[in-house]
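Q: Predicted structure and sequence below. I'll ask about it afterward.
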Amino acid sequence: MKKVIVGSLLLCSMLFSGGDIAPTPVVEEPVVETKAWSFDLEPYLMITNIEGSTNLVLTQASELDVDFGTILDNLDAAAMVHAEAHHQSGWGFWVDYGFMDLSNSVDAAQRITSARARQGVLEIMGLYRQTLESGYVEYLAGIRWWDNDIDVGYNLPNLARSGTVSKEVDWVDAVVGLRYTHILNENWKFRIHGDLGGSSNNFTVSTSAGVIYTINDLIDINVRYKATWVDYEEGTVFDIRNIPNNDLDYFAYDTVTHGLILGMNFKF
């Protein structure tokens, strides 16, 4: 009995004095590395409608009203893609490019016998993201570059004259805007965007609204409705009988391009 009591006292002494007893192993949590940059790449299709007026050959503006079916019937080529890069500091940028090549033939008895339009629009935007309680807002600033090539065939029997006139015009708008994203739940987000742009002889407004559905960590589906209005004018009104070398010296373009956008966004 005496040995048992002595042994117990020795064990208690070792416990309270930090004796050589094997320590409890410490399990370290795995370190999750956060990427400084994240990237998005979104090819998209726009179901486009174009409305407004343009002045290509006649001194009077011609009304322009083209729906998606007409564009598909006359579409020679198209490419549309949107890419974004975001830094964990909140800064980032996006690049968006859309290109369409359209052509059409008209009855030779008409004054306008053929038309071809190639339009490219490139956006380069810097942005800063501010996180909010239920989403985030992004402040935008950048440029929008318009590149238009137009060829028009004409036939004027009363002047015994026919041929083709061409116009190549491009311009750059300075652009500022906002984009707000509201997180609805784990899979759904609502997003609205608006910006204003312009130069010395041009003014543009662009706006969009839609939803984003997250399939997984790599893919989103983006559905939105977008409208872009442009009012551009350069040169002076001319008399078609005095067009030197078949070149236009006047060009006006006042249109609204609007439609549903369907995109698949790949995240890296």
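A: Arrived safely, thanks for sending. Computed from a prediction, not measured in an experiment: that's the story for all the values here.

Q: how about low-confidence regions in the stretch 151-268 of the chain?
A: 154, 156-162, 236-250 (pLDDT under 70).

Q: Now with 90, please.
A: The stretch 151-268 of the chain contains residues with pLDDT under 90 at 151-171, 198-203, 232-258.

Q: where do the helices sit along it?
A: Assigned by DSSP state H, counting those that start in this stretch, the stretch 151-268 of the chain shows no helices.

Q: Which stretches in it count as strands?
A: For the stretch 151-268 of the chain, applying DSSP state E, counting those that start in this stretch gives strands covering 161-183, 188-199, 202-214, 219-235, 250-267.

Q: Quick check: which helices or strands does the first one pack against?
A: For strand 161-183, the helices and strands in contact under the criterion 3 or more CB pairs under 8 Å, 6 or more residues apart in numbering; DSSP states H and E are strand 112-132, strand 135-156, strand 188-199, strand 202-214, strand 219-235. Just so you know, the C-beta spots here come from the backbone N, C-alpha and C atoms, and that holds for glycine as well.

Q: about what we covered before: out of the strands of the stretch 151-268 of the chain, which gets nearest to residue 120?
A: Residue 120 sits nearest to strand 161-183 of all the strands of the stretch 151-268 of the chain, at 8.5 Å, using CB to CB.

Q: Please point out which parts of that closest one sit buried.
A: Of all the residues in strand 161-183, those buried under the rule 16 or more other CB atoms under 10 Å are 165, 167, 171, 173, 175, 177, 179, 181.

Q: Can you tell me the closest non-neighbouring residue to the fifth one?
A: Excluding the flanking residues, the one nearest residue 175 by CB to CB, 6 or more residues apart in numbering is residue 197, at 3.8 Å.

Q: what separates that neighbour from residue 144, distance-wise?
A: Remark: distance between residue 197 and residue 144 (CB to CB, to the nearest Å) = 5 Å.

Q: Give me the common contacts of these two.
A: 173, 175, 204, 206 (CB atoms under 8 Å, 6 or more residues apart in numbering).

Q: Run through the bridge partners of the second one.
A: Spelled out, that is residue 175. Taking DSSP bridges as the rule, residue 175 bridges to residue 142, residue 197.

Q: Quickly list what residue 225 is bridged to.
A: Taking DSSP bridges as the rule, residue 225 bridges to residue 209, residue 260.

Q: residues near it, how many?
A: Residue 225 has 14 neighbours, counted by other CB atoms under 10 Å.

Q: Turn the helices and strands packed on strand 161-183 into JSON lines, columns for distance to residue 262.
A: JSON lines is the format used below for the helices and strands packed on strand 161-183 (distance: least, CB to CB, whole Å):
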{"stretch": "strand 112-132", "distance to residue 262": "18"}
{"stretch": "strand 135-156", "distance to residue 262": "22"}
{"stretch": "strand 188-199", "distance to residue 262": "14"}
{"stretch": "strand 202-214", "distance to residue 262": "10"}
{"stretch": "strand 219-235", "distance to residue 262": "6"}
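
Q: Indicate which one of the ones you listed is closest to residue 42.
A: With CB to CB as the criterion, residue 42 lies closest to strand 219-235 of those, at 6.2 Å.

Q: For residue 207, list the residues it contacts.
A: Contacts of residue 207 by CB under 8 Å, 6+ apart are 192, 193, 194, 195, 226, 227.

Q: Put together JSON lines for those residues, with distance to residue 265 and neighbour count on each row.
A: Shown next, in JSON lines, are these (distance: CB to CB, whole Å; neighbours: other CB atoms under 10 Å):
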{"residue": "192", "distance to residue 265": "17", "neighbour count": "14"}
{"residue": "193", "distance to residue 265": "15", "neighbour count": "18"}
{"residue": "194", "distance to residue 265": "20", "neighbour count": "14"}
{"residue": "195", "distance to residue 265": "20", "neighbour count": "22"}
{"residue": "226", "distance to residue 265": "15", "neighbour count": "18"}
{"residue": "227", "distance to residue 265": "21", "neighbour count": "15"}
